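Asks: With the input below, show me the fold.
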Amino acid sequence: MKTFSEYKLKNLTLKNRVVMPPMCMNMAEDGHPTDFHYIHYGNAALGEIGLIIVEATGVTPEGRILERDLGLWKDDQIEGHRRIVDLAKKYGSHIGIQLGHAGRKCGISSLTTLAPSAIRFSASYPMPKEMTTEDIEHIKKAFRDAAARSVEAGYELIELHGAHGYLLHEFLSPLTNKRTDAYGGSRENRVRLIQEIADTVRSVVPEDFPVILRVSASDYMEGGIDLDEMVEIIHLLKDRFDMIHVSSGGLDANQQITVYPGYQVKFSEVIREKCQIPTITVGLITEVGQVEEILQHDRADLVALGRILLRDPFVLINQGQGIIAPLFAYRRGFHVNWAERNRK
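Replies: Numbering: from 1, shown residues only. You can find the predicted model right below:
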């Protein structure tokens, strides 16, 4: 099965094509990982996930979505992240981290909310401050410093969060970016911040270190980003990234999305084909058979399983019966009679 074949991404050789995507757990303390994170990500590694991407991690305090999100805005947060990395590697998974900034969707009332333009997300969110040039420079430095801390913690990949209505996505979309300076207006201007952040991140990571980008391929709103626009955006960004993690939505509280198993796969397929860049797809994919169909038809290079891994971190083993489950058991050194186990 292609699902269980190796995949080469820069200096990483993944043992299979399955990814745990970033999923905010809201269990940190002042940005520091807690026991929950060690269990959560350790279980994913025990479950034979090829690549784990740690949840959205704030590059500044106001970059968090919620108060108990992870952070890497200060050096004393590194050690807790290093323990997550060590656990994942010990049990055979490669591990990366998603660095992001919540922008106008920061839900921490005591902090100033920042955005490209002073447009609130919804009536229940505060009016954000329109970012100055100095604010933009501060954010670029924050991403660079968090990337350096990520490398020091041992992470093997960095994903920049340019999706789901958070700061980088807000700069990309004409619905949320009404600026008239070098960071607004034209498509070339709207991608500029991501280009500059990618460059500053590259300056502090090893040469063969993978840097990828998560995007929302559609805003599901008139006048916003659609798939055709996202293809043009990726053309302007692809030289700076090794892979695109394709999601959708999140920009506007009034978006209308029809969801069904694999509803975002088409976005990945089109971006992969038209932009000639590897992709990760995600979205209500819960079965190994779905993963295999996507890979066999070249709709993505890697497939992310999200909420199913919260319910069953051993889904690859539990669904991969017959030859595959005993192989996993042998690799782990577990002497288990899988046929007997599955009859119980």
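
Asks: only C-alpha atoms for contact and neighbour calcs from this point on.
Replies: OK.

Asks: Any stretches of the stretch 201-344 of the chain with poor pLDDT?
Replies: Applying pLDDT under 70 to the stretch 201-344 of the chain flags residues 320-344.

Asks: So which residues of it form helices?
Replies: 227-237, 265-275, 288-296, 307-311, 315-319, 324-332, 338-343 (DSSP state H, counting those that start in this stretch).

Asks: Out of those, flag the one nearest Tyr155.
Replies: Tyr155 sits nearest to helix 307-311 of all those, at 20.7 Å, using CA to CA.

Asks: Check which residues of that closest one are buried.
Replies: Residues Arg307, Leu309 are the ones in helix 307-311 that count as buried (16 or more other CA atoms under 10 Å).

Asks: now what about it, what contacts it?
Replies: Outside helix 307-311, the residues that touch it by CA atoms under 8 Å, 6 or more residues apart in numbering are Met20, Ala44, Leu284, Thr286, Val315.

Asks: chain center to it: distance?
Replies: When C-alpha coordinates are averaged (CA atoms, centre = their mean, to the nearest Å), helix 307-311 and its chain have centres 16 Å apart.

Asks: Send over it as PDB, restricted to the C-alpha atoms.
Replies: Output of helix 307-311 as PDB, limited to C-alpha atoms (Å, rounded to 0.1, in the frame of the first residue of the first chain):
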ATOM      1  CA  ARG A 307     -10.000  14.400  14.800                       C
ATOM      2  CA  ILE A 308      -9.900  10.600  14.300                       C
ATOM      3  CA  LEU A 309      -6.400  10.600  16.000                       C
ATOM      4  CA  LEU A 310      -7.900  12.300  19.000                       C
ATOM      5  CA  ARG A 311     -10.400   9.500  19.300                       C
END
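
Asks: and of the contacts of helix 307-311, the nearest to Gly185?
Replies: For the contacts of helix 307-311, the nearest to Gly185 is Leu284 (34.3 Å; CA to CA).

Asks: What distance do you get for the closest residue to Leu9 other than its chain neighbours to Ala253?
Replies: Spatial nearest neighbour of Leu9, excluding adjacent residues (CA to CA, 6 or more residues apart in numbering): Pro210 at 6.9 Å. According to CA to CA, to the nearest Å, Pro210 stands 33 Å off from Ala253.

Asks: Give me the more crowded residue out of these two.
Replies: Neighbours per residue (other CA atoms under 10 Å) separate Pro210 from Ala253, with Pro210 holding more: 20 against 11.

Asks: Pretty sure that one sits against Leu160.
Replies: No - taking contacts as CA atoms under 8 Å, Pro210 lies outside contact range of Leu160: 11.1 Å.

Asks: longest helix anywhere in this protein?
Replies: If you go by DSSP state H, the chain has its longest helix at helix 133-153.

Asks: So for the helix or strand following that one, what gets flagged as buried?
Replies: Going down the chain from helix 133-153, the next helix or strand is strand 158-162, by DSSP states H and E. Across strand 158-162, burial judged by 16+ other CA under 10 Å covers Ile158, Glu159, Leu160, His161, Gly162.

Asks: just stretch 121-130 next, same as before
Replies: Here stretch 121-130 shows Phe121, Tyr125, Pro126, Met127, Pro128, Lys129, Glu130 as buried, counting by 16+ other CA under 10 Å.

Asks: Over to stretch 137-144?
Replies: Across stretch 137-144, burial judged by 16+ other CA under 10 Å covers Ile139, Lys140, Lys141, Ala142, Phe143, Arg144.

Asks: And stretch 280-298, by the same measure?
Replies: Applying 16+ other CA under 10 Å to stretch 280-298 flags 280-286, 288, 290-292, 294-295 as buried.

Asks: re the thing from before, averaged pLDDT, the longest helix of the chain. What do you get?
Replies: Helix 133-153 shows a mean pLDDT of 98.

Asks: Next up, the contacts around Asp208.
Replies: Contacts were defined as CA under 8 Å, 6+ apart; by that measure Asp208 touches Lys10, Asn11.

Asks: Keeping just the C-alphas, turn stretch 5-18 into CSV.
Replies: Extracted in CSV, the C-alpha atoms of stretch 5-18 (Å, rounded to 0.1, in the frame of the first residue of the first chain):
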residue,chain,number,x,y,z
SER,A,5,5.5,3.6,1.8
GLU,A,6,8.3,6.0,2.7
TYR,A,7,8.4,9.6,1.6
LYS,A,8,11.4,11.9,1.3
LEU,A,9,10.9,15.6,2.3
LYS,A,10,14.3,17.4,2.2
ASN,A,11,16.4,15.8,4.9
LEU,A,12,13.5,13.7,6.3
THR,A,13,12.5,10.2,5.3
LEU,A,14,9.0,9.6,6.6
LYS,A,15,8.2,5.9,7.2
ASN,A,16,4.6,6.4,5.9
ARG,A,17,2.4,9.0,4.3
VAL,A,18,0.2,9.8,7.3
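
Asks: so how far is it off the chain centroid?
Replies: For stretch 5-18, the distance to the chain centre is 17 Å (CA atoms, centre = their mean).

Asks: for stretch 230-242, same thing?
Replies: 16 Å.
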